[in-house]
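Student: This is a predicted model, with the sequence first.
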Amino acid sequence: MGVFQLPIFATRDWGAGHFAIALALQNLLWGLCQPFSGALADRFGARPVLIFGGLFYALGLALMGVAPSGLTFDLSAGLLIGLGLSGASFNLVLGAFAKLLPPKRLSYAFGAATAAGSFGQFLFSPLAGGLVAGKGWETTCLIFAGVTLLIAPLAFALKTPRGDFSARGGQGAVLRRALGHKSYMLLAAGFFTCGFQLAFITVHFQRYVVEAGLSPQLGAWAFALVGIFNIFGSLLAGYLGGFLPRPYILAFIYFARAVATAIFIALPATSDSTLVFAAVTGLLWLSTVPPTSGAISRMFGAGNLSMLYGFAFFLHQLGGFLGVLLGGFARAATGSYMPVWLLSIALGVISALLNLPVVEREVEQPAAQPAQ
């Protein structure tokens, strides 16, 4: 989405804050709806949720490309795409994998699923930059809407069993147990930082690069580099999660992000420093997903993963909402992204500390109630 920011500013007079507001709304709605989409996928299977999510996503992209006003842009890029992402993103795929694969293969499978999404980022970021430069951002939105429609037919290949929650008080009881569990809440709180950092970089990094005197193409290729290195980072995190404590893996990732960001903003912005930062950030980008989802699956079981990971992802997207919004406001108010870069560093250190006391073991479930 960051590829579209400057072209939209150049062709529309909606005001500099509109793009940040729309993308912040997108992240917030994605997070708000994710627990409900996950609960539906746990109960009825992932396929129908993915199909409807893909259709909403494609509709949002199409309307974004023809939006006649800032309000319409907010409703399409914000509301519709946010709803679509909650039903069509990797969260539902991870939950499906947890139901289809044996536990000993799950950690690496979560890494492989995340890596597949990263390959999409690697492919589509420079493609978006080239299409925007050659055909305009409006046409690019329509092209991507057509591509996104493919989610619906591809979802027919995925069949997962329906869950049965009647014996243990239903899904509400499962969620209440999780919300009262210290380690689960620490995991979810740490995930807030992940969303803040990722969304801020996704939306604002390419503008930061251009305003530092570098080319827009460098920003697009840097973001593609994030995607390609994230393939390796996600696979490595999934592999390490098979035999190392996942909370320690998460603590290392958050702390390493803080260090990488501190070094990047302390140095002059050059092509080399931008590409090195992109590569390091890529290794750490979605590498939080396999250990976080794996720990939740270990604690509460595969049958509850889509919903409970969905709630943790709500906090992730709440962080994303603030990262996008504060980035836009800081740039408008101070002319610089530096306050948000510094906040990102502080949150990384805090999240590293939050994950250290997490205890990753199966949570005892209440006994099934006999039929009346």
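Tutor: Alright, I've got the coordinates.
Student: mind listing the strands for the stretch 1-150 of the chain?
Tutor: With DSSP state E, counting those that start in this stretch as the definition, the stretch 1-150 of the chain shows no strands.
Student: Run through it and note the low-pLDDT ranges.
Tutor: Counting by pLDDT under 70, the low-confidence segments of the stretch 1-150 of the chain come to 14-17.
Student: Mind giving me the packing neighbours of the top helix by length along the chain?
Tutor: With secondary structure taken from DSSP state H, the chain has its longest helix at helix 103-135. With contacts taken as 3 or more C-beta pairs under 8 Å, 6 or more residues apart in numbering; DSSP states H and E, helix 103-135 sits against helix 90-100, helix 137-148, helix 216-240, helix 289-300. Yep, even glycine has a C-beta here, placed from its N, CA and C like the rest.
Student: Would you mind giving the ones you listed as a markdown table with mean neighbour count and distance to Pro268 added?
Tutor: Rendered in a markdown table, the data for the helices and strands packed on helix 103-135 read as follows (neighbours: other C-beta atoms under 10 Å; distance: least, C-beta to C-beta, whole Å):
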| stretch | mean neighbour count | distance to Pro268 |
| --- | --- | --- |
| helix 90-100 | 24 | 36 |
| helix 137-148 | 18 | 30 |
| helix 216-240 | 22 | 14 |
| helix 289-300 | 27 | 33 |
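Student: Switch the ones you listed over to CSV; also include distance to Ile8.
Tutor: Formatted as CSV, the entries for the helices and strands packed on helix 103-135 read as follows, by distance: least, C-beta to C-beta, whole Å:
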stretch, distance to Ile8
helix 90-100, 26
helix 137-148, 6
helix 216-240, 13
helix 289-300, 29
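Student: of all those, which lies closest to Gly319?
Tutor: Taking C-beta to C-beta as the measure, the helices and strands packed on helix 103-135 were each checked against Gly319, and helix 289-300 came out nearest at 13.2 Å.
Student: and the closest one, what's its mean pLDDT?
Tutor: The predicted model gives helix 289-300 an average pLDDT of 87.
Student: Check which element follows it along the chain.
Tutor: Stepping forward along the backbone from helix 289-300, the first helix or strand reached (DSSP states H and E) is helix 305-334.
Student: Could you point out which of the helices and strands packed on helix 103-135 sits nearest Ser273?
Tutor: helix 216-240 (10.2 Å).
Student: With only the CA atoms kept, save the next helix or strand after that closest one in PDB.
Tutor: Read in the C-terminal direction, the helix or strand following helix 216-240 is helix 246-266, with elements assigned using DSSP H and E. Included here for helix 246-266 are C-alpha records, laid out as PDB according to Å, rounded to 0.1, in the frame of the first residue of the first chain:
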ATOM      1  CA  ARG A 246       9.200 -20.000  21.300                       C
ATOM      2  CA  PRO A 247       9.000 -17.100  23.800                       C
ATOM      3  CA  TYR A 248      12.800 -16.800  23.700                       C
ATOM      4  CA  ILE A 249      12.700 -16.700  19.900                       C
ATOM      5  CA  LEU A 250      10.100 -13.900  20.000                       C
ATOM      6  CA  ALA A 251      12.200 -11.900  22.600                       C
ATOM      7  CA  PHE A 252      15.200 -12.100  20.300                       C
ATOM      8  CA  ILE A 253      13.200 -11.000  17.300                       C
ATOM      9  CA  TYR A 254      11.700  -7.900  19.000                       C
ATOM     10  CA  PHE A 255      15.000  -6.900  20.500                       C
ATOM     11  CA  ALA A 256      16.800  -7.400  17.100                       C
ATOM     12  CA  ARG A 257      14.200  -5.200  15.400                       C
ATOM     13  CA  ALA A 258      14.900  -2.400  17.900                       C
ATOM     14  CA  VAL A 259      18.600  -2.600  17.300                       C
ATOM     15  CA  ALA A 260      18.300  -2.700  13.500                       C
ATOM     16  CA  THR A 261      16.000   0.400  13.600                       C
ATOM     17  CA  ALA A 262      18.300   2.300  15.900                       C
ATOM     18  CA  ILE A 263      21.300   1.700  13.600                       C
ATOM     19  CA  PHE A 264      19.300   2.600  10.500                       C
ATOM     20  CA  ILE A 265      18.000   6.000  11.700                       C
ATOM     21  CA  ALA A 266      21.400   6.900  13.300                       C
END
